[in-house]
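*Asks:* fold the following, please.
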Amino acid sequence: MILGRDRVTTRPSSPAPVSQPFPVLFGHGVPFPNRDLLRRTPPRIAAILIATLSLIALLTSSWRLALATPGQFASPLPGWQRISATGEGITTLITPPSTTGLVAALGSPMPETDLRTSVKRSVDGGHTWQALDRGLPLDLRLVTGTVAPTDTRSMIVSGVGGLFRLDAGASTWEPIRVPLPTITAIRYDQSDPNHLIAGTELHGNFITRDGGSTWIPSSLGLPHDRYGTIPGAISLAQLQSDSAVWLMATAVAPGVFRSVNGGSSWKPVTTGLAPGGATSVSFHSEADGTAFVTSDRGMALSTDRGQTWTPVASLPPGISPVAVVTEPASPQTWMVVGARGSVVRSTNRGESWVELPSLPRPVGPVFALSPSTTQRATTSPGIARIEGVPVLLAAAAGGVWSLALPPTTPATASRSELASGGRYIQATEHNISARFASAYDRLGGFERFGFPRSEAFVDQGLLVQWFQRGRLEYRPDLQGSPYEVQISLLGDLLLTDRPVPSDPIESTSERRYYPETGMTVENAFLRYFDARGGVDALGYPITPEVSEADRPVQYFQRARLEYLREFAGTAREVQLGLIGDEILRQRGWLE
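*Replies:* Purely as a prediction, here's the structure:
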């Protein structure tokens, strides 16, 4: 789905099956009447109806490229995968500010079940988990927690009626025996592991400077009402480049407060913010001074360390955001998670949005982990693993969920790419990079490559972009020459077993032998090969004509040609196979 201020265009998804009078026919998207409806229909009318809809199905199937609606060819992502190793009853996740790969999942007992308090820790981005329950009361309802910045083996968790600490190297939680109200947010100071700030929803904030043994109120500047209620933090954020600057979100107005002295005192921030409480506040992990705040009214952005704010008006209505996540190594890419499970992504700093797979409800915290923390071998059968890509981890519906973000993840239009000659293809929700746009057109355009399946990105030292029928790669060592942009040898990559070269034969007008590979191209394949750029566009043949799925095909270094008997004698009798899609599926980047 392309989501923006002026447009909401739905792309096909995979909703749960529902009872409907006209189920889909043969997967072509054409409704077909069910048996009960046909029984109530006169036989002649029913026959006409079936024939008409069958004809529509055939036509829309044969001409699906010509009749494509926006989003029909959108890159389908593998959806959220539940990590079974964490068990049930998970309510929240905690992780240190740096993307170290450490994540802790906090679980709470549930009425009428045998679930009990649990803490599970992963040090490899969610692949394996270790139970850390010893010392915690079985009936403790955990609310939040925090991981020490210097030694991530140390953690503090908070629940209804208790605060507990796990020291580095210890295996048993120790209670922190201080009479504090239920803590709704807690965070270590990234520059001082003895300094923590804790917030309570109705009793203000508290601060410790001895690692949590003693706490004092820290609510200077926070409002009080006549009943003695002091709104405290339900979300805390600390600026990485200046540890004295903190932001906090409160559930009631004004919603955002700021501290410049490490949380000792606070000032309300109202410039640019709508009245009311907030649901979360965070600093951008890689863009210094950029901050986000969410509320049931939308999302706001600050670029001056949280002093002033601007509403993000492009966010689709009805999202009710509860969290903003920034993608590692991609500062312009933001993801917003809604209270009802919706997830949207912007790759242009919030100018427009695309839809990602939704989370089940209820939704808890969501974190992004970089590829370097998610590549270890998994022993968990409940997590789908894709190497070398960022991953989102979320607490939702009582469990921990993982969503890989490969280069095929839908993107939004790039203003810089458009200004440089690129273009945005709404059908697959990707930009054709300005670096490749002219080569894409010169080498055959849509007929040769199909729609883009990824953004341009660096893969094994080369700038590349994937398309349905191939991949383009930029060669800086050949800059200024006709071979500066080349078509990757995906045929070679896809064909693992090369056939034995044939003996040389004499070439004719209907067949041609290539001694470079010992293969021959004949008849319709040869006519297509010559008309579509020959060796430069398709490479040398690497197989003879073979049969796959009862269809004649022939592999070339850069492509696969397929013969369609149903179009024999027409311009469509030979087509290029979708080998780009096939390899992306092998990598797990497409469903």
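*Asks:* which residues in the stretch 351-500 of the chain form helices?
*Replies:* Along the stretch 351-500 of the chain, counting by DSSP state H, counting those that start in this stretch, helices occupy 415-419, 434-442, 445-449, 490-494.
*Asks:* JSON lines please, covering those and showing mean pLDDT and distance to Asn348.
*Replies:* Where C-beta positions appear, they are placed from N, C-alpha and C, glycine not excepted. Formatted as JSON lines, these follow (pLDDT from 0 to 100; distance: least, Cβ to Cβ, whole Å):
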{"stretch": "helix 415-419", "mean pLDDT": "89", "distance to Asn348": "6"}
{"stretch": "helix 434-442", "mean pLDDT": "96", "distance to Asn348": "15"}
{"stretch": "helix 445-449", "mean pLDDT": "95", "distance to Asn348": "24"}
{"stretch": "helix 490-494", "mean pLDDT": "93", "distance to Asn348": "29"}
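*Asks:* quick check: which of those helices is buried the most?
*Replies:* When these are scored by mean count of other Cβ atoms under 10 Å, the highest mean neighbour count falls to helix 490-494 (a mean of 20).
*Asks:* list the contacts of the residue nearest the centre of the chain.
*Replies:* Residue closest to the average C-alpha location in the chain (Cα atoms, centre = their mean): Leu405, at 4.0 Å. Going by Cβ atoms under 8 Å, 6 or more residues apart in numbering, Leu405 touches 327, 368, 389-392.
*Asks:* and the gap between it and Glu522?
*Replies:* Between Leu405 and Glu522 the computed distance is 44 Å (Cβ to Cβ, to the nearest Å).
*Asks:* swap in Pro193?
*Replies:* Distance from Pro193 to Glu522, counting by Cβ to Cβ: 73 Å.
*Asks:* how many neighbouring residues does Ser358 have?
*Replies:* 18 (other Cβ atoms under 10 Å).
*Asks:* what does the pLDDT read for it?
*Replies:* Note on Ser358: pLDDT of 94.
*Asks:* ok, it - contacts?
*Replies:* Here Ser358 is in contact with 80, 341-343 (Cβ under 8 Å, 6+ apart).
*Asks:* can you tell me which of those residues end up in helices?
*Replies:* Judged by DSSP state H, the contacts of Ser358 include no members of helices.
*Asks:* would you reformat those as CSV and include pLDDT and distance to Leu472?
*Replies:* Shown next, in CSV, are those (pLDDT from 0 to 100; distance: Cβ to Cβ, whole Å):
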residue, pLDDT, distance to Leu472
Trp80, 91, 31
Gly341, 94, 36
Ser342, 95, 33
Val343, 95, 30
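*Asks:* among those residues, which two are most distant?
*Replies:* The distance between the two most remote of those (Cβ to Cβ) is 12.2 Å, for Trp80 and Ser342.
*Asks:* for Val325, which three-state class applies?
*Replies:* Taken by DSSP: H, G, I helix; E, B strand; the rest coil, the conformation at Val325 corresponds to strand.
*Asks:* who is it paired with across the strands?
*Replies:* As for beta bridges, Val325 partners with Met335 under DSSP bridges.
*Asks:* how many neighbours does it have?
*Replies:* As a measure of burial, Val325 has 23 neighbours, counting by other Cβ under 10 Å.
*Asks:* the stretch 451-591 of the chain: strands as residue ranges?
*Replies:* Assigned by DSSP state E, counting those that start in this stretch, the stretch 451-591 of the chain shows strands spanning 457-459, 462-467, 470-474, 485-487, 511-514, 519-522, 546-548, 551-555, 560-563, 574-576.
*Asks:* just checking, what packs against the last one?
*Replies:* Read that as strand 574-576. Counting contacts by 3 or more Cβ pairs under 8 Å, 6 or more residues apart in numbering; DSSP states H and E, strand 574-576 is packed against helix 523-531, strand 560-563.
*Asks:* pLDDT below threshold where in this protein?
*Replies:* 1-78, 98-100, 111-113, 372-387 (pLDDT under 70).
*Asks:* make JSON lines out of the contacts of Ser358 and add neighbour count.
*Replies:* Output for the contacts of Ser358, formatted as JSON lines (neighbours: other Cβ atoms under 10 Å):
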{"residue": "Trp80", "neighbour count": "22"}
{"residue": "Gly341", "neighbour count": "17"}
{"residue": "Ser342", "neighbour count": "21"}
{"residue": "Val343", "neighbour count": "22"}
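*Asks:* looking at these, spot the one nearest Arg551.
*Replies:* Nearest member of those to Arg551, counting by Cβ to Cβ, is Trp80, at 35.5 Å.
*Asks:* quick one, what contacts the closest residue to the closest one other than its chain neighbours?
*Replies:* Excluding the flanking residues, the one nearest Trp80 by Cβ to Cβ, 6 or more residues apart in numbering is Trp401, at 4.4 Å. For Trp401, the contact set (Cβ under 8 Å, 6+ apart) comprises 80-83, 359-360, 393-395.
*Asks:* next: Pro365.
*Replies:* Residues in contact with Pro365 (Cβ under 8 Å, 6+ apart) are 92-94, 323, 394-395.
*Asks:* run a quick check on Leu578 versus Gly470, I expect a contact.
*Replies:* No. Taking contacts as Cβ atoms under 8 Å, Leu578 lies outside contact range of Gly470: 9.4 Å.
*Asks:* how about Ser259: what's its closest non-neighbour residue?
*Replies:* Nearest non-adjacent residue to Ser259, counting by Cβ to Cβ, 6+ apart: Trp246, 4.4 Å away.
*Asks:* the one you found contacts Gly199, correct?
*Replies:* No. Between Trp246 and Gly199 there is no contact, the gap being 10.6 Å when judged by Cβ under 8 Å.
*Asks:* give me the common contacts of those two.
*Replies:* Taking Cβ under 8 Å, 6+ apart as the criterion, Trp246 and Gly199 both touch Leu236.
*Asks:* okay, now Ala244: neighbour count?
*Replies:* A count of nearby residues for Ala244, using other Cβ under 10 Å, gives 14.
*Asks:* typo on my end, it should be Ala253
*Replies:* For Ala253, using other Cβ under 10 Å, the count is 16.
*Asks:* distance of it relative to Trp309?
*Replies:* For Ala253, the distance to Trp309 - Cβ to Cβ - is 14 Å.
*Asks:* same question, Ser320
*Replies:* In terms of Cβ to Cβ, Ser320 sits 18 Å off from Trp309.
*Asks:* more neighbours, the two?
*Replies:* Set side by side, Ser320 and Trp309 show more neighbours around Trp309, with 22 against 16, by other Cβ under 10 Å.
*Asks:* can you pull the contacts of the more buried one?
*Replies:* Counted by Cβ under 8 Å, 6+ apart, Trp309 has contacts 256, 269, 271-273, 293, 300-302.
*Asks:* turn those residues into a markdown table, columns for secondary structure, distance to Leu102 and neighbour count.
*Replies:* Formatted as a markdown table, the contacts of Trp309 follow (DSSP: H, G, I helix; E, B strand; the rest coil; distance: Cβ to Cβ, whole Å; neighbours: other Cβ atoms under 10 Å):
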| residue | secondary structure | distance to Leu102 | neighbour count |
| --- | --- | --- | --- |
| Val256 | strand | 28 | 27 |
| Val269 | coil | 31 | 22 |
| Thr271 | coil | 36 | 11 |
| Gly272 | coil | 35 | 14 |
| Leu273 | coil | 33 | 22 |
| Val293 | strand | 26 | 29 |
| Ala300 | strand | 30 | 24 |
| Leu301 | strand | 28 | 19 |
| Ser302 | strand | 28 | 25 |
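*Asks:* closest one of these to Ser509?
*Replies:* Closest to Ser509, out of all of the contacts of Trp309 and judged by Cβ to Cβ, is Leu301, at 65.4 Å.
*Asks:* just checking, the closest one touches Phe292?
*Replies:* Yes. Using Cβ under 8 Å, Leu301 makes contact with Phe292 at a distance of 6.2 Å.
*Asks:* can you give me the buried ones in stretch 354-362?
*Replies:* For stretch 354-362, the neighbour count (16 or more other Cβ atoms under 10 Å) marks 354-359 as buried.
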